[in-house]
Each structure stands twice: as C-alpha cells, then as structure tokens.
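Asks: Have a look at this prediction, sequence included:
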Amino acid sequence: MDAQHTDVQINALNTQADAQANTQSYSSEDVQQILTIAMGKASLSSAQLSAEQLREMADELLIGETTLRHAIDEWYTHKVKEIEKQQQRKRFYRQELLPYLSVNTFLILLDISIAGCITWSIYPLLGWGASLALGFVTGWSPSLCSCRPTSRHLATSGEVTA
C-alpha cells in the first residue's frame, strides 16, 4: 500500500511539474541563457550551423529578418574588433616589448662589464619601462598610432600630388 501511495505522489508531482513548465514564462535573457546551456549540452557548440538553419531558428523565435541581419552585422563587427585587438597585442610584443628587452639587456650587460654593478642602466630601463606600462594600460603606443597620416591616406585625401 505504501509503494502504491508513493507512486501516486510521484505521478502527481510529475504532472504538477509538467503543468508549471508549460505555463511558466521566461524573460529573453533567461531564454538566451537556457538555450546557450542546451546548445552546449547538445554538442552543438562544436558543430557548424548553416545560415539557413540560423534563419529557421530565428523564425521559430519570432525574430524578424531585419533584426537577424542587424544582429549578424553587430556580431561580425564585434568579431572583427576582437581580431584587431589580438593583432594589436601581437604587434605590441613584437614592436615594443622585444626591443625593450633586448636593448635593456644589452645596456645592463654593458653597465655590469664597465662598472661591475648596475649603475646608470637602471634609468633607461625604468623610464622606457614606465612608458611601456603606461602605453599598455591605456592602449596607446607610438608605433601603433594610426593618427599619423600615411602615404595612402594622403593620396586618397588629395593632399599629395604626383
């Protein structure tokens, strides 16, 4: 009798949970989080979806074609900015950090060989290092600055005549 009573309780709880799941509403943020989790568990995170599949999913979520197009454009712009940031970091290391390390290593070795200890080489090390640190924190670097006009910019603006 107890087993029958327990089965009835479990069935009642399952029915109640199903009813709540069917009547419960979700915010768009909740839907996004739930779908992200579901896609991760469904192994879709490594699968490639076609543009048609994306449109079908958007249609099922009542997302219009123009809204989807704007979202794709925004995503693409964000992706391009991320790639540009990565390239800028690589340029920073190649154009700023490696010369700093190599020149200052040479200066320290020269200072030690002449004076027997580090004396004057600490000043370029600290000055240049402070400049690099400030540039890294603010994201500005003289070698990465695009504010200087290049020959291509001058040619397109008509300031250079052949």
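Replies: Right, received. Where do you want to start? These numbers were taken from a predicted model, which means no experiment stands behind them.
Asks: Helices along the protein, start to end?
Replies: In the chain, the helices defined using DSSP state H lie at 2-23, 28-41, 51-60, 65-92, 98-115, 122-138, 151-157.
Asks: Take those and write them to JSON lines, including mean neighbour count and mean pLDDT.
Replies: Quick note: C-beta positions are derived from backbone N, CA and C, even for glycine. Formatted as JSON lines, these follow (neighbours: other C-beta atoms under 10 Å; pLDDT from 0 to 100):
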{"stretch": "helix 2-23", "mean neighbour count": "9", "mean pLDDT": "64"}
{"stretch": "helix 28-41", "mean neighbour count": "11", "mean pLDDT": "80"}
{"stretch": "helix 51-60", "mean neighbour count": "12", "mean pLDDT": "87"}
{"stretch": "helix 65-92", "mean neighbour count": "11", "mean pLDDT": "90"}
{"stretch": "helix 98-115", "mean neighbour count": "13", "mean pLDDT": "95"}
{"stretch": "helix 122-138", "mean neighbour count": "13", "mean pLDDT": "90"}
{"stretch": "helix 151-157", "mean neighbour count": "11", "mean pLDDT": "47"}
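Asks: Can you tell me how far the closest residue in space to residue 26 that isn't next to it in sequence is from residue 41?
Replies: Excluding the flanking residues, the one nearest residue 26 by C-beta to C-beta, 6 or more residues apart in numbering is residue 34, at 7.0 Å. Here the criterion is C-beta to C-beta, to the nearest Å. By it, residue 34 lies 11 Å from residue 41.
Asks: Equivalent analysis for residue 136, please.
Replies: 39 Å.
Asks: Tell me how many other residues surround residue 121.
Replies: Neighbour count of residue 121, defined by other C-beta atoms under 10 Å: 20.
Asks: Check residue 96 too.
Replies: Applying other C-beta under 10 Å, we find 19 residues neighbouring residue 96.
Asks: hang on, it packs against residue 131?
Replies: No. At 9.2 Å, residue 96 does not count as touching residue 131 under the criterion of C-beta atoms under 8 Å.
Asks: and residue 119, how far is that from residue 130?
Replies: 19 Å.
Asks: now swap in residue 120 and tell me
Replies: For residue 120, the distance to residue 130 equals 17 Å [C-beta to C-beta].
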